[in-house]
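Asker: Okay, predicted coordinates and the sequence, questions at the end:
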Amino acid sequence: MNTRRKASLFGFGVAPLFALAGCGVLLVAAGCGDLGPAVNEIAAPPFDPTSFRAVSAVLERRCGTLDCHGHAARPLRLYGQYGLRRYEERTSPNVENYDEYYSGGKEPTTIAELEDNYRSILALEPELAAKVFTKAADPEVLTIVRKARLREKHKGGLLWNKGDPGDVCMVNWLTGNTDTTQCEVELGHP
């Protein structure tokens, strides 16, 4: 069974953003041709809230504090129960208990927040993430992997070494492996 799936970020691929910007600036009179499905979609781990919840929880706890990636101005923006919360109206169907929907409240990370985290991670380097997912590149090509391992400057310092539970959790997900056992091990750490 082929587990690869084409995922569309934000409803369209990243390349069309640049192509559409070019149409607006350079080709107003000529218009843009059909960009086709090859441009609109990239290969990525499928968004499965059940398996992604553990991956997201690891990143939320390690990286999603309000002074780090739980900040709205960050390129890698993480939402979650103990950090930045996604704006929701009181009547939103995404939130079960709005009175507990705040940083540190009892309302768990919502499906909408998980989906935003998924998009935020993959939008950092979508073409490279696709290569990692299809096994055409080593996970270390990704900034998110290098910074967590401190192979590249990271204000947050070393999160884990290669092969540590958090690292395996992230790499498994990026490569399409749905085993979240190491995510659970990482979440058991203080």
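Answerer: It's in.
Asker: mind checking how far stretch 150-168 is from the chain centre?
Answerer: Once both centres are worked out by CA atoms, centre = their mean, to the nearest Å, stretch 150-168 turns out to sit 17 Å from its chain's centre.
Asker: for it, what is the average pLDDT?
Answerer: Across stretch 150-168, pLDDT averages out at 93.
Asker: Contacts for that stretch next, please.
Answerer: Applying CB atoms under 8 Å, 6 or more residues apart in numbering, the contact partners of stretch 150-168 are 58, 62-63, 68, 140, 143, 145-149, 182-183, 185-186, 189. Backbone N, C-alpha and C define where each C-beta goes, glycine included.
Asker: which ones among those are found in helices?
Answerer: The helices, defined by DSSP state H, take in 58, 62-63, 143, 145-148, 182-183, 185-186 from these.
Asker: per the record, what domains does this protein have?
Answerer: The chain breaks down by automatic domain parsing into domains covering 1-44, 47-187.
Asker: Identify the residue nearest the geometric centre of the protein.
Answerer: Centroid-nearest residue in the chain: residue 121, 2.5 Å away (criterion: CA atoms, centre = their mean).
Asker: For it, what is the enclosing helix or strand?
Answerer: Using DSSP states H and E, residue 121 falls within helix 111-124.
Asker: Next, report how far the next helix-or-strand element following that helix is displaced from the centre of its chain.
Answerer: For helix 111-124, the succeeding helix or strand toward the C-terminus, using DSSP H and E, is helix 126-133. Helix 126-133 sits 12 Å away from the centroid of its parent chain (CA atoms, centre = their mean).
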